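Participant: What would the 3D arrangement of this be:
(chains A and B)
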Amino acid sequence: MGEGREPTRSVYLLSRVSVSAPAPRTGPRTVAGTLGLLLVAAFVGCDGSPDSPSEGLELAWVETDGPQEGDYLPAPALSLETFPCSDCHDPEIPVNRRVRELKLVHAEIPMRHASSQTWCLDCHDDVDRDQLRLSSGEKVPFEDVLRLCGQCHGSQLRDWRAGVHGLRTGAWNGEKTYLQCVYCHDAHDPAFRPIEPEPPPRAPTRTP
Amino acid sequence: MNEARSLDRRDFLCVVAGCVAATTGSCADVTHTPFFRERLRELTKAELADIVAGMAEDYHARYGKRFEVGAAPAQPGVEFAYALDLSHCVGCRRCVHACVAENNQSRDPEVQWIRVLEVEKGEGLDLAHADPYYDAALVPRAGYTYVPIACQQCRNPPCVKTCPTGATWQEPDGITVIDYDWCIGCRCCISACPYGARHFNWAEPQIPADELNTTTHVLGNRLREKGVVEKCTFCIHRVREGLYPACVEACPTGSRKFGNLLDPSSEIRYVLEHKRAFVLEAELGTRPRFYYFYGD
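Facilitator: Modelled structure (predicted):
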């Protein structure tokens, strides 16, 4: 878990997949959207306080018979402070594709994700910065980041689909909430960091 | 009814011996008191409904809160099983404390159904030398691996065999439960359990009123009294309603998997069919429904 992302039951969220009859969705939607934004805000290194509003980015929910590509969770990719990226990355400006160390902007992003083999534009589309790109060149919205991660992490994706990698909440025999990769892993620094444990049980003591 | 319930067993024997008239005179139907009634599994639906209603009343009188005491039976075609991914567990004890809160475990004296063992890497699952009391600033600590243990919901449970009063049994969905009113506190089951999964209330359980979970099940997290044994029930009040157990949802690493063993599309079946899964102390022949596996 990244700094500032307390791994409690209140923070996860996102893909809701109905295995049985869909239940009415009301409150959790808003909460889910807010939390999702917060998490992603943390993941791109922006300060997101738990009170941040979630207006402006509409999350789409899709219900299917199972988590299929494209219909799981919207993983809101970025905080509202930095999204859309095209606010700064004007498509009219020529792209510098040279692999280099970033010094002016985005220098705060910790790139510890196969950093000797990867580079921003391997995952971020070079022209349309509001999207990601697969190795095939296909553009993928941030909401479907799972497809991007799954290119390299196929066994994790396979297990995730089966509900074995990652967290599921909800009903063991019904509607569940799935978490996409970036809710637990920082895309730029995906390793889990050590977390503070809850207090230990009291050890039995001898009375003198 | 309330008079009878507030007595302890020794007093009760005195009551039976000398003051039967006094007790029955104040009680509409003594057969529904904890002292007279049959085991919960032997009751008819109507009797059970009566008894859980009485429990809810009793809890309300004691704690000033409305309790929901459920008695949902096992669903047909369901056998619960659990799997825990040892390659992902970091030993953070979120599950332990979520379980305490969900299942109304005593805060003082402390009762915790889940114990997380810290095991030195390379030593194997040496339970005798594992440390449940590790106090680390951050987990996981380098060189250690973590093994949470709770009731293994055995198919061949030694605790059930050893109980002299028949106060504990296996339900059709595989959950071993306890009728707390039939438990005499002999602790034979505790010594029979090879997993240390059963816990005894050495003193009157203390739970702050604002931390009580009022959604309960008569065979699970309803309030216990001093002198009875308790244990994990896979959150029977949740799973019989279709929900995941509390520990599954509390785990920040998604290490905990739960589902119906009889459903070929369940997560638990996927684990058993695709991962290296094993049970603890397999040589004892307890045949747990709680599996451990390595996800990565």
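Participant: Can you show me the helices along chain B?
Facilitator: B:2-5, B:9-18, B:20-25, B:45-63, B:94-102, B:158-162, B:188-192, B:236-239, B:246-250, B:267-274 (DSSP state H).
Participant: Dump those to CSV, plus mean neighbour count.
Facilitator: Yep, even glycine has a C-beta here, placed from its N, CA and C like the rest. Listed next are the helices of chain B as CSV, based on neighbours: other CB atoms under 10 Å in any protein chain shown:
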stretch, mean neighbour count
helix B:2-5, 16
helix B:9-18, 12
helix B:20-25, 12
helix B:45-63, 16
helix B:94-102, 22
helix B:158-162, 18
helix B:188-192, 18
helix B:236-239, 26
helix B:246-250, 26
helix B:267-274, 19
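Participant: Mean pLDDT added to those helices, as TSV?
Facilitator: Listed next are the helices of chain B as TSV, based on pLDDT from 0 to 100:
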stretch	mean pLDDT
helix B:2-5	50
helix B:9-18	56
helix B:20-25	47
helix B:45-63	94
helix B:94-102	97
helix B:158-162	98
helix B:188-192	98
helix B:236-239	97
helix B:246-250	97
helix B:267-274	96
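Participant: Next to chain A, which bits of the stretch 51-200 of chain B? Give me the list.
Facilitator: B:85, B:90-94, B:96-98, B:110, B:112, B:115, B:132-141 (CB under 8 Å from any CB of the partner chain).
Participant: Inside strands: which ones of those residues?
Facilitator: B:Asp85, B:Arg115 (DSSP state E).
Participant: Distance of A:Ser155 relative to A:His165?
Facilitator: Using CB to CB, to the nearest Å, A:Ser155 is found at 8 Å from A:His165.
Participant: and those two? which has more neighbours close in?
Facilitator: Remark: of A:Ser155 and A:His165, A:His165 carries more neighbours, 20 against 11, as counted by other CB atoms under 10 Å in any protein chain shown.
Participant: Got the phi and psi for the nearest residue to that one once chain neighbours are set aside?
Facilitator: In space, and not counting its chain neighbours, A:His165 is closest to A:Asp159: 3.7 Å by CB to CB, 6 or more residues apart in numbering or on different chains. For A:Asp159, the backbone dihedrals (degrees, to the nearest 10) come out as phi -70, psi -40.
Participant: Could you count how many residues lie near A:Asp159?
Facilitator: By other CB under 10 Å, the residues close to A:Asp159 number 22.
Participant: did I read that right, A:Asp122 in a helix?
Facilitator: Yes - assessed with DSSP: H, G, I helix; E, B strand; the rest coil, A:Asp122 lies in a helix.
Participant: Identify the residue spatially nearest to B:Arg115, adjacent ones excluded.
Facilitator: With CB to CB, 6+ apart as the criterion, B:Arg115 has its nearest non-adjacent residue at 4.6 Å, and that residue is B:Pro132.
Participant: My guess is the one you found contacts B:Val119. True?
Facilitator: No - between B:Pro132 and B:Val119 there is no contact, the gap being 10.3 Å when judged by CB atoms under 8 Å.
Participant: wait, what's in contact with the residue nearest to B:Arg115?
Facilitator: B:Pro132 is in contact with A:Pro200, A:Pro201, B:Arg115, B:Val116, B:Leu117, B:Glu118, counting by CB atoms under 8 Å, 6 or more residues apart in numbering or on different chains.
Participant: Could you tell me how far the closest residue to chain A within the stretch 101-250 of chain B is located from B:Val229?
Facilitator: Residue nearest to chain A within the stretch 101-250 of chain B: B:Leu138 (3.8 Å; CB to the nearest CB). B:Leu138 sits 35 Å away from B:Val229, taking CB to CB as the criterion.
Participant: neighbour-wise, which of the two wins?
Facilitator: Legend: neighbour count by other CB under 10 Å for B:Leu138 and B:Val229, higher for B:Val229 (24 against 12).
Participant: ok, B:Glu79 - how many residues close by?
Facilitator: B:Glu79 has 20 neighbours, counted by other CB under 10 Å.
Participant: buried stuff in stretch B:103-115?
Facilitator: B:Asn103, B:Asn104, B:Gln105, B:Ser106, B:Val111, B:Gln112, B:Trp113, B:Ile114, B:Arg115 (16 or more other CB atoms under 10 Å in any protein chain shown).
Participant: from these, which is closest to B:Asp50?
Facilitator: Taking CB to CB as the measure, B:Asp50 lies nearest B:Asn104 of these, at 22.2 Å.
Participant: For chain A, which segments count as helices?
Facilitator: So, for chain A - with DSSP H - the helices run A:27-43, A:120-123, A:145-152, A:154-161.
Participant: Packing partners of the shortest one?
Facilitator: Under the contact criterion of 3 or more CB pairs under 8 Å, 6 or more residues apart in numbering or on different chains; DSSP states H and E, helix A:120-123 touches strand A:131-133.
Participant: Equivalent analysis for the last one, please.
Facilitator: Packing contacts for helix A:154-161, counted by 3+ CB pairs under 8 Å, 6+ apart, involve helix A:145-152.
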